[in-house]
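sequence and predicted structure are below.
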Amino acid sequence: LPHPAPGAMASSEEDGTVEEKENNNKKRTKSALITAWLTFYNIAMTAGWLVLAITMMRFYIQKGTHKGLYRSIARTLKFFQTFALVEVGHCAVGIVRTSVIVTGVQVCSRIYMVWFITSSIRQIQNEESVILFLVVWTVTEITRYSYYTFNLLHHLPYFIKWARYNFFIVLYPLGVVGELLTIYAALPFVRRSGMYSMRLPNKYNVSFDYYYFLIIVMLSYIPLFPQLYLHMLRQRRRVLHGEVIVEKDD
Amino acid sequence: GKGDVYIIFQVEVLDATTKEQLCFLDKVDPHSTIGDIKSLFYKSCAQWYPARQALRLDTRGKSLRDDEILQNLPVGTTATMYFKDLGPQLGWTTVFFAEYIGALLTYLVFFFRVPYIYSHTYALTSSPHPVVTLACVCHTFHYVKRLMETIFVHRFSHGTMPLRTIVKNCAYYWGFSAWLAYYINHPLYTPPSYGELQVKYALFTFAMCEIGNLSIHMSLSNLRTDGELVRRFPTPTKNPFTWLFFFVSCPNYTYEVGAWLSFTVMTQCLPVAIYTLFGFIQMTIWAKVKHRAYIREFKDYPSVRTAIIPLIL
């Protein structure tokens, strides 16, 4: 949540010269613009994921099956998930106080999943695991973006805060299961088609096997997932219960 | 001295997290350094040798330097210090040896095509391409030079490094060495597109950069003559390779990147290019830190200098 610089408001009324007053006005306008942009962004993303959720539900109710569901929402999903790259920009510029790297990793792993696994390997698009992680992502993102929106409007219902810091306890492992099962299902198709792979000999003297790369990706969940999960549990304790957590320093 | 009254200090060492008393030292000389106190602590608590001790005046403060003197600290005659275990430590020389010998030997394992790496028809054979042998010579020379520098040239400021960092660094050096050696020594290796001309030019620039890097290390080492009170920043000497100091603060890194770029062109191998890129990013970060430190410390620091690439970065 952006706040104007601490001294900016205080001095403007008292000793400010015309120039200082103009600078303070500029700062206030800038901070108001930033808040306006962030509010717009979060409302738009909440709306986007709501649209996705509703489209998914309508498809299932009308067709009675999940086959073809991914195809029907693929374009919308790609748009809103890719647009989330903007959040990395927010951290880099400093208008949101989160680590660029953490946000970057999270957004990139989502984008990777969408563009390089589900969208590019058609044969797995009707797997149940895809529906699983889609549902998890949708619920998580709607909760998250509405939390940010209400926060910016200074009107946060306790339920949204509660949801944001409690849903993940179940959703996060479920999402990981959905993603891992999807990648696992994709393996035989990747091997057979040799997609995204490069073999020797070639003039760059390098080779890349997407099949083994995917296996490494799956293995990397093992160290990464517990760390992220525990981090979120610690955040939860701090926000909901006001506990002071003593961080282990390296 | 502080007059005729001779004061004796007592030092109480508490654990920084649990606050329990680990050790009580009485009859401590007020002129003792923190290093002396660490040795005394080690004598009574043999579990933690001095290099892995961090002593502080409050639980979340900065660790005290080894050369600080007890009576100059803001403490009473009974000083309370908090102890933190830094974990197992290794000397810098050990660290560099592990990293460099590991990288060197790993490459040779692939060069000699140790069995089970490549298909068994190629086990223990040698590549028909001369550039592959040349690459092995260059790579080995690079790390042998680094080992020699570690023994004879470098003077290290900190004594030790934590074990976890060493494991991480070795994984990086050995891993990359294996990755690029795998492709260069592969039976299906493709020699550079522009043939001998490409290899010869790249070899020349590689040699120049290695000599340049060595020249800079030697000139930096000569900067720290013992007993001198005035700190100086490095400047160009009669050796033409040090004239890069006119343009950059850390020409040793510039030459290092140059050497790896040459190696990339010589072998025309993408993994080498990626390794060079990673190294370049890391060295740029270090160079920028060093550059800023020089500017802060020396008022007359030449303004034309950049950190690592002349006029650009």
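Noted; the coordinates are in hand.

how about the helices in the stretch 101-250 of chain B?
B:130-152, B:163-184, B:195-223 (DSSP state H, counting those that start in this stretch).

per-residue confidence for residue 218?
If you meant another chain, say so; for now it's chain A. What the model reports as pLDDT for residue A:218 is 95.

not what I meant, chain B
With respect to pLDDT, residue B:218 has a value of 91.

now for it, how many residues are close by?
Here the number of neighbours of residue B:218 (other Cβ atoms under 10 Å in any protein chain shown) works out to 17. From N, CA and C alone the C-beta is placed, and that goes for glycine too.

ok, and the closest non-adjacent residue to it?
residue B:153 (6.0 Å; Cβ to Cβ, 6 or more residues apart in numbering or on different chains).

do residue B:32 as well
Distances taken as Cβ to Cβ, 6+ apart place residue B:70 nearest to residue B:32, at 5.0 Å, with adjacent residues excluded.

contacting residues for the one you found?
B:9, B:11, B:28-34, B:37, B:79 (Cβ atoms under 8 Å, 6 or more residues apart in numbering or on different chains).

from these, which would you call buried?
By neighbour count, with 16 or more other Cβ atoms under 10 Å in any protein chain shown, those hold B:9, B:11, B:28, B:30, B:32-34, B:37, B:79 as buried.

just the ones in strands from those, please.
Members of these lying in strands (criterion: DSSP state E): B:9, B:11, B:28, B:79.

returning to what we had before: which pLDDT does the model give the residue nearest to residue B:32?
82.

quick one: it from chain A, how far?
26 Å (Cβ to the nearest Cβ, to the nearest Å).

repeat that for residue B:152.
From residue B:152 over to chain A the distance is 33 Å, taken as Cβ to the nearest Cβ.

in CSV, list the helices of the stretch 101-250 of chain B along with distance to residue A:106.
What follows is the helices of the stretch 101-250 of chain B, written out as CSV (distance: least, Cβ to Cβ, whole Å):
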stretch, distance to residue A:106
helix B:130-152, 38
helix B:163-184, 23
helix B:195-223, 40
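
so where's the chain shaky on pLDDT?
Defaulting to chain A. Low-confidence segments of chain A, defined by pLDDT under 70: A:1-16, A:242-250.

wait, I meant chain B there
B:1-5, B:155-158, B:224-229.

quick one: contacts for whichever residue of the stretch 51-200 of chain B sits closest to chain A?
Ranking the residues of the stretch 51-200 of chain B by distance to chain A (Cβ to the nearest Cβ) places residue B:188 first, at 4.0 Å. Taking Cβ under 8 Å, 6+ apart as the contact definition, residue B:188 lies against A:200-201.

give me the phi and psi angles of it.
Phi and psi for residue B:188, reported as degrees, to the nearest 10, are phi -100, psi 20.

the stretch 101-250 of chain B against chain A: which residues are in contact?
Proximity of the stretch 101-250 of chain B to chain A, by Cβ under 8 Å from any Cβ of the partner chain, involves residues B:183-184, B:186, B:188-190, B:193.

so how do I select the buried members of those in PyMOL?
Buried subset of those, written as a PyMOL selection, criterion 16+ other Cβ under 10 Å:
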select buried, chain B and resi 183+184+186+189+190
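
of the residues of the stretch 101-250 of chain B next to chain A, which pair is most distant in space?
For these, with distances taken as Cβ to Cβ, the pair at the greatest spread is B:186 and B:193 (17.0 Å).

so where do the helices sit in chain A?
A:6-12, A:18-63, A:69-83, A:85-93, A:100-112, A:128-152, A:158-193, A:210-241 (DSSP state H).

for the fourth one, which outside residues touch it?
By that I understand helix A:85-93. A:38, A:41, A:96-100, A:103-104, A:107, A:111.

swap in 10 Å and give it another go.
Contact partners of helix A:85-93, identified using Cβ atoms under 10 Å, 6 or more residues apart in numbering or on different chains, comprise A:2, A:34, A:37-38, A:41-42, A:45, A:95-108, A:110-111, A:148.

give the contact list for the residue nearest to residue A:120 when sequence neighbours are not counted.
Spatial nearest neighbour of residue A:120, excluding adjacent residues (Cβ to Cβ, 6+ apart): residue A:195 at 7.1 Å. With contact taken as Cβ under 10 Å, 6+ apart, residue A:195 is in contact with A:116, A:120-121, A:186, A:189, A:210-211.

now, which of these sits nearest residue B:74?
Among those, residue A:116 lies closest to residue B:74 (Cβ to Cβ), at 58.2 Å.

contact partners for the closest one?
So residue A:116 contacts A:186, A:195-196, A:210, A:213-214, A:217 (Cβ under 10 Å, 6+ apart).

show me which pair in these is furthest apart.
Taking Cβ to Cβ as the measure, the contacts of residue A:116 span a maximum distance of 14.5 Å, between A:195 and A:217.

just to revisit the earlier point, with distance to residue A:141 added, can I get the contacts of residue B:70 in CSV?
CSV is the format used below for the contacts of residue B:70 (distance: Cβ to Cβ, whole Å):
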residue, distance to residue A:141
B:9, 61
B:11, 56
B:28, 61
B:29, 65
B:30, 63
B:31, 64
B:32, 60
B:33, 57
B:34, 52
B:37, 55
B:79, 55
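
can you get me a residue count around residue B:101?
Residue B:101 has 17 nearby residues by other Cβ under 10 Å.

not counting sequence-adjacent ones, nearest residue to it?
Closest residue to residue B:101 apart from its sequence neighbours, by Cβ to Cβ, 6+ apart: residue B:147 at 7.1 Å.

what about the one you found, distance to residue B:310?
Residue B:147 sits 29 Å away from residue B:310, going by Cβ to Cβ, to the nearest Å.
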